[in-house]
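> Turn this into a model:
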Amino acid sequence: MLIGQYISKLTEGNRVAVPKKIREELGVEMVVAKWYESCLVLVSIVNWQKLITRLIGNTELIISPVRDIDRFILASAFEVSLDGQGRFVLPESLIDYASFENDLIFVGLGERVEIWQLARWRDLEKLSEEKAAKAIEKIAKREK
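So this is what the prediction gives:
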C-alpha cells in the first residue's frame, strides 16, 4: 500500500526521481497523467486499468461524463519507464499543467500516488486538516 509523503526535485532535462518506497510498490513501468486540482497521478501499469474503471465504472456507454474523463485523464497519460537511478522524464505538458518548478512531493494514497508542487501541497494540506476536523465532528454528532 502506498502511504506517506516523499519530497523530490525536478532536475535538468525534466527528470524526476521516484522515491525508493514508491518504486518498490509500483515497479519500473508506470503511467503518469493529469489529475485533479492541478496535480499529477502516478500508478503502476497493472493498476492503471483499475483506476480508470473506478473513475468511469464498468459502463460501455460513452456518455458525457465518461468522455470528459477520457479527455482529461486518458489523453494526458504517458507510460514511463524508470532509468537505473529510479528517474523518468516528465513530459513538458504535465509540467506546465501542474506548474512544477523545482520542489515536488509524492503523496501515497493507497494504489495511486499524487505528485504535487511542494508549496501548493503544503497549502492544500492545511486546508485538508481543517476540513477533516470539521468532518469528524459532524460524523461524531451523527453517531450519538
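
> Verify the stated contact: Ser44 with Val28.
No. Ser44 is beyond contact range of Val28, at 9.5 Å (criterion: CB atoms under 8 Å). No exception for glycine: its C-beta is placed from N, CA and C like everyone else's.

> Looking at the two, which is more packed in?
Taking neighbours as other CB atoms under 10 Å, Ser44 and Val28 compare with Ser44 leading, 20 against 15.

> Would you list the phi and psi of that one?
Note on Ser44: backbone dihedrals following degrees, to the nearest 10 are phi -70, psi 160.

> what sits against it?
By CB atoms under 8 Å, 6 or more residues apart in numbering, the contact set of Ser44 is Glu25, Leu26, Gly27, Glu29, Met30, Val31.

> how about a cut-off of 6 Å?
Ser44 sits next to Leu26, Gly27, Met30 when contact means CB atoms under 6 Å, 6 or more residues apart in numbering.
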